[in-house]
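Chemist: here is a sequence with its predicted model. Questions after.
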Amino acid sequence: MKESGSYKASDIEVLEGLEPVRLRPGMYIGGKDNAALHHLVKEVFDNAMDEVISDHANRISVTLKENNIIEIEDNGRGIPVDKHPKYKDKSALEVIMTTLHSGGKFNNKAYHTSGGLHGVGVSVVNALSEILDVEITRDGKVWGQSYSRGVAKTELRELRELKNRSGTKITFKPDPEIFGTNNNFSYKTIYEFIKSKAYLFSGVKIIWNCEVKIEDKHNIPQQETIHFPNGLADYMETWINEDKIVDKFFIGKSKLKGCGGEVSWAIGWDNKETQVISYCNTIKTGLGGTHEQGLKSALLKSIKNYGEMIKYKKANQISIEDILKGAKIIISVFIKDPEFQGQTKDKLLNREISKPIELAIADFFDHWLNESKEDSQNLFEHIDFYLEERLNRKSSKVFSRKNLTQRLRLPGKLADCILQEAEGTELFIVEGESAGGSAKQARNRNFQAILPLRGKVINVVSNTADKVKQNTEISNLEIALGCGILSHYKEADLRYEKVIIMTDADVDGAHIATLLMAYFFTMMPELIENGHLFLAKPPLYRISHGGEVFYAKDDIEKENMLSKLPKSQKIEIGRFKGLGEMTVPQLRETAMSPDSRILLKVQMTKDMFELSKQVDRLMGKNPEERFLFIQEQALRKKESLGNILDV
């Protein structure tokens, strides 16, 4: 053992100010590639859009200059320039530009709804820019300050007087030390990004000016005033202009009852690929989230109800898959306190909005179906075509679950479901007999099966193939699924459509889920690629208040809920130590019922080679690599207030 004297206080490195951003930019903008470069533009532009959304601005100008420089200006209120009460020697502007987790969006005093809630956006842009100049117009004067790599290079200075104007202008150049010398802005990417924002908010005018020569083949103007007075309706006209299934698009807007906020949507159908685009507070949520779930539930509910009303014989067999074939969908929500997955905000997590969105859209869609008879008939013929195709495809794969059970000699702990075909069935993998017993009572026996596992699953990455093969729990899992592993994997033999990992909502549960995901990635990657693997998200807390019950997935959601509840009535908080402690109705409602649960689909966001390297780094035999990852995640968690682990 080495002497403790080799490790001293002087060995501890303390990162101050914006140093962590420059050291680990991937934690804040997802990397150093071209997508991360353009994320800087999004951060600054979204701040300007927040002024528009809050009705303090109606114009934004974006100018792409030579030498990889971009200028973004709004006519909003202008960032405050007076001294900050906490930092007496600095202006509010300098605090915002040089301090993580600072800004006017942590409460609702300055912004009712906004996209940038972490308070790190513009300071991160500043930290990763070689040069950044700010001009603030307010109170009859124009103020300016210059920065470089997160550090103020000049004092805040008064530039000139300017009456009857206000706003913020930020001009910056990404740092080539971070992004490389050949990583440049794409005028096509930026133009399409700002154009999508104009569709989402009909009241904004965006002035586009590109000082870089644009090649004719891209069909992008050098200058343009982008404005769409009809919002999403204008977008749909450009998106679907031929081969329409319905002539009248399903477009609407509604307030969200019970949770505040507003939802707007536009849906059309053609014979091309399905595309669903979603936004929250004008932030694009590329991985979807609870707003998409609410919309899909509304479409399925309304289509089935209308099908039964018109005596469509297969109404109860319609799935959301049939409805979404050829669909072009945009959904946009504006809500207070949005919860996103990660700093890049790719997924919306607010559970409380899913049901209000479903109710709002279903009500409008019911009217649309009844009023647009010809379009409704065309839509049902379209859905019927894909329903028949799916049923025919399924019939070729139907097998007798009884015969398969006899042949495979399924594990005794498996509580199988009644349905004989794989489609529509679900296997819940749970840890422990207690959780398994609760899950068996809470399930729908028709299509949900339960397989309890004993203890933590073996780490297939760091153990030998022989040791993995001899593991009883792994063997039971492989037999229950029936599809084989590695080169012997056969999609047609998979006994369940969904494989759902359901563990306790704590650190141990997350560890077990990680081990199981590592197993599927290593032994059955096709199961993930084909969209069969999911994570259930049971809550950690139960909150009772005035006869109402709320569930929170973690401490952050719990504190957020408590802050909104009036203190006039008694509040009781219960923490679930595990799934086995939940009552059967609680487990059914929060984690197992398709009508109210939240499932996260496990997806491969990188190619197999990159993913294999990452899994080996996290789960393999090299502890140094794992320790480095833990350090990175600890810093990320500290700076981003508890982001979800990116699997």
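Modeler: It's in. Numbering: from 1, shown residues only.

Chemist: domain ranges for this structure?
Modeler: Listed by automatic domain parsing, the domain ranges of the chain are 19-226, 232-395, 401-538+584-604, 541-575.

Chemist: need those in JSON lines (columns: mean neighbour count and mean pLDDT).
Modeler: C-beta here means a position set from N, CA and C on the backbone, and glycine is covered the same way. Conversion of these to JSON lines gives the following (neighbours: other Cβ atoms under 10 Å; pLDDT from 0 to 100):
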{"stretch": "domain 19-226", "mean neighbour count": "18", "mean pLDDT": "86"}
{"stretch": "domain 232-395", "mean neighbour count": "18", "mean pLDDT": "88"}
{"stretch": "domain 401-538+584-604", "mean neighbour count": "18", "mean pLDDT": "84"}
{"stretch": "domain 541-575", "mean neighbour count": "14", "mean pLDDT": "85"}
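
Chemist: and the next helix or strand past the biggest strand by length in the chain?
Modeler: Longest strand of the chain, by residue count under DSSP state E: strand 129-138. Per DSSP states H and E, strand 129-138 leads on to strand 141-148 as the next helix or strand towards the C-terminus.

Chemist: need the CA coordinates for stretch 67-76. CSV is fine.
Modeler: Extracted C-alpha coordinates of stretch 67-76, given in CSV (Å, rounded to 0.1, in the frame of the first residue of the first chain):
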residue,chain,number,x,y,z
ASN,A,67,-15.0,34.5,-40.0
ASN,A,68,-17.5,32.3,-38.2
ILE,A,69,-19.1,35.1,-36.2
ILE,A,70,-22.9,35.4,-35.5
GLU,A,71,-25.0,38.3,-34.2
ILE,A,72,-28.4,37.8,-32.5
GLU,A,73,-30.4,40.8,-31.5
ASP,A,74,-33.9,41.2,-30.0
ASN,A,75,-36.1,44.2,-29.2
GLY,A,76,-37.0,43.0,-25.7
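
Chemist: how far is it from where the chain is centred?
Modeler: Centroid displacement of stretch 67-76 relative to its chain, using Cα atoms, centre = their mean, to the nearest Å, is 27 Å.

Chemist: with stretch 246-262 instead?
Modeler: Going by Cα atoms, centre = their mean, the spacing between the C-alpha centre of stretch 246-262 and its chain's C-alpha centre is 21 Å.

Chemist: same deal with stretch 270-287?
Modeler: If you compare the mean C-alpha spot of stretch 270-287 with that of the full chain, they lie 12 Å apart, counting by Cα atoms, centre = their mean.

Chemist: quickly list what Lys284 is bridged to.
Modeler: Beta-bridge partners of Lys284, counted by DSSP bridges, are Tyr279.

Chemist: surely it is in contact with Ser278?
Modeler: Yes: at 7.5 Å, Lys284 and Ser278 qualify as touching, with contact defined as Cβ atoms under 8 Å.

Chemist: how about Val461, secondary structure?
Modeler: Per DSSP: H, G, I helix; E, B strand; the rest coil, the local secondary structure of Val461 is coil.

Chemist: would you confirm that it contacts Ala518?
Modeler: Yes: using Cβ under 8 Å, Val461 is in contact with Ala518, at 5.5 Å.

Chemist: how far away is the residue nearest the centre of the chain from Leu451?
Modeler: If you average the C-alpha coordinates of the chain and look for the closest C-alpha using Cα atoms, centre = their mean, you land on Lys347, 0.8 Å from that point. In this structure, Lys347 and Leu451 are separated by 28 Å, where distance is defined by Cβ to Cβ, to the nearest Å.

Chemist: do I have it right that Gly574 meets Arg542?
Modeler: Yes: between Gly574 and Arg542 there is a contact at 4.4 Å, judged by Cβ under 8 Å.

Chemist: so Glu73 belongs to a strand, correct?
Modeler: Yes: according to three-state DSSP, the state of Glu73 is that of a strand.

Chemist: now it, nearest residue through space, not along the chain?
Modeler: When the adjacent residues along the chain are set aside, Glu73 lies closest to Lys169, with 3.9 Å between them (Cβ to Cβ, 6 or more residues apart in numbering).

Chemist: what pairs with the helix or strand harbouring that neighbour, and is each one parallel or antiparallel?
Modeler: Secondary structure from DSSP H and E places Lys169 in strand 167-174. Within its sheet, strand 167-174 is paired with strand 69-74 (antiparallel), strand 129-138 (antiparallel), according to DSSP bridges.
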